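Student: Structure here, sequence nowhere to be found:
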């Protein structure tokens, strides 16, 4: 039981650290509404669950070992993060903001889902995280369900946290979408996404 609580504490600590998924979800929730925010959470969650399943059945280890494939995913993720950063910084540069918040539409929701999925799916470090952490808590000969249960903790808890972020953003939306505040937020969001991209590029 103590090991389980330790594992959950580690996962919660990782989940609460702001990253690209957090910034993307927050931005979409503020700019496109709750529906788009939850769609982004769904995209992040689907990608995370896919990564958890792939790790549990051994495909994650294969991706890490095949360096060309790992590097291809890494550089694709870098390019996508920088593209998202450019979108935010371009909005800040133009500074053409309406006073009224935009409302969610099915198109915005689909876009949010795709963005969330790609943002998470193109981060190969998730596989490294799973491969480093799970063996500390799951025996090598443990049944597949045990591996899946531990691996799924990250995307499940992560999705719950991001859903809470969406709900909080909705309450503050009218304030945070004032033109001057939104411009500052876009600058901060673009800068953080660019920094995360540079960090991904420079880490071994």
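Tutor: Happy to help now that I have it. It should be emphasised that the depicted structure is a prediction, and the values quoted were computed from it without experimental measurement.

Student: Which pLDDT value does the model give residue 21?
Tutor: Model confidence at residue 21, given as pLDDT, is 91.

Student: which residues does it contact?
Tutor: Taking CB atoms under 8 Å, 6 or more residues apart in numbering as the contact definition, residue 21 lies against 44, 116, 119, 120, 158, 162. Just so you know, the C-beta spots here come from the backbone N, C-alpha and C atoms, and that holds for glycine as well.

Student: And those residues, which is closest to residue 82?
Tutor: residue 119 (12.0 Å; CB to CB).

Student: circling back: can I get the contacts of residue 21 in CSV with pLDDT, distance to residue 105 and secondary structure?
Tutor: CSV is the format used below for the contacts of residue 21 (pLDDT from 0 to 100; distance: CB to CB, whole Å; DSSP: H, G, I helix; E, B strand; the rest coil):
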residue, pLDDT, distance to residue 105, secondary structure
44, 96, 20, helix
116, 94, 17, helix
119, 90, 20, helix
120, 91, 23, helix
158, 94, 26, helix
162, 96, 21, helix
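
Student: Any regions of the chain where pLDDT drops low?
Tutor: Applying pLDDT under 70 to the chain picks out residues 1-2, 95-104, 200, 203-204.

Student: quick one, helices of it?
Tutor: For the chain, the helices defined by DSSP state H occupy 2-16, 20-32, 34-56, 59-65, 67-94, 106-121, 125-133, 144-176, 179-202.

Student: List the buried residues of the last one.
Tutor: Taking 16 or more other CB atoms under 10 Å as the neighbour-count basis, helix 179-202 is seen to contain the buried residues 182, 183, 185, 186, 189, 190, 192, 193, 194, 196, 197, 200.

Student: ditto for the longest one
Tutor: Residues of helix 144-176 classed as buried by neighbour count (16+ other CB under 10 Å): 147-148, 150-151, 153-159, 161-163, 165-166, 169, 173, 176.

Student: just the fourth one next, same as before
Tutor: By 16+ other CB under 10 Å, the buried positions in helix 59-65 come out as 60, 63, 64.
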